[in-house]
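no FASTA, just this:
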């Protein structure tokens, strides 16, 4: 069984709103950072592929539903 991937990120003051809750825009940055680290963990050389083959991973649409 493969080792599970875990990504840790320290929430900074700038990532929160006036009430101390993580601002919704920060969630997208956290998600993208976790995605890149997951690819690195899986052995996918994203940076090299982008540079050598001209690949990109543009975001066409992003949405989120927050429950709390």
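Structure's in. What do you need? Owing to the predicted nature of the structure, the values given are computational and were not obtained by experimental measurement.

Give the helix, strand or coil label for the residue nearest to the spatial centre of the chain.
With distances taken as CA atoms, centre = their mean, residue 32 lies nearest the centre of the chain, 2.0 Å away. State at residue 32, reduced to three classes by DSSP: H, G, I helix; E, B strand; the rest coil: helix.

That one: what's it in contact with?
Contacts here follow CB atoms under 8 Å, 6 or more residues apart in numbering; on that basis residue 32 touches nothing. C-betas here are computed from N, CA, C, even on glycine.

For it, report the pLDDT, please.
pLDDT, residue 32: 88.

ok, now residue 9?
Residue 9 is given a pLDDT of 91.

Was I right to think it contacts residue 34?
Yes - with contact defined as CB atoms under 8 Å, residue 9 and residue 34 form a contacting pair (7.4 Å).

where exactly do the strands run in the chain?
With strands called from DSSP state E, the chain shows none.

can you list the weak-confidence ranges in it?
Segments of the chain classed as low confidence (criterion: pLDDT under 70) are 1, 68.

ok, now which ones touch residue 54?
So residue 54 contacts nothing (CB under 8 Å, 6+ apart).

What's the separation between residue 27 and residue 42?
Distance, residue 27 to residue 42, using CB to CB, to the nearest Å: 22 Å.

More neighbours: which of those two?
Set residue 27 next to residue 42 and count neighbours by other CB atoms under 10 Å: residue 27 wins out with 14 against 10.

wait, that one sits on residue 63?
No - if you go by CB under 8 Å, residue 27 and residue 63 don't touch, sitting 11.4 Å apart.

So residue 38 sits against residue 5, correct?
Yes - under the criterion of CB under 8 Å, residue 38 makes contact with residue 5 at 5.3 Å.

the helices in the chain, which residues?
Remark: helices assigned in the chain by DSSP state H are 24-41, 46-53.

Off-centre distance for the first one?
Here the centre of mass of C-alpha atoms in helix 24-41, compared against the chain's by CA atoms, centre = their mean, to the nearest Å, lies 1 Å away.
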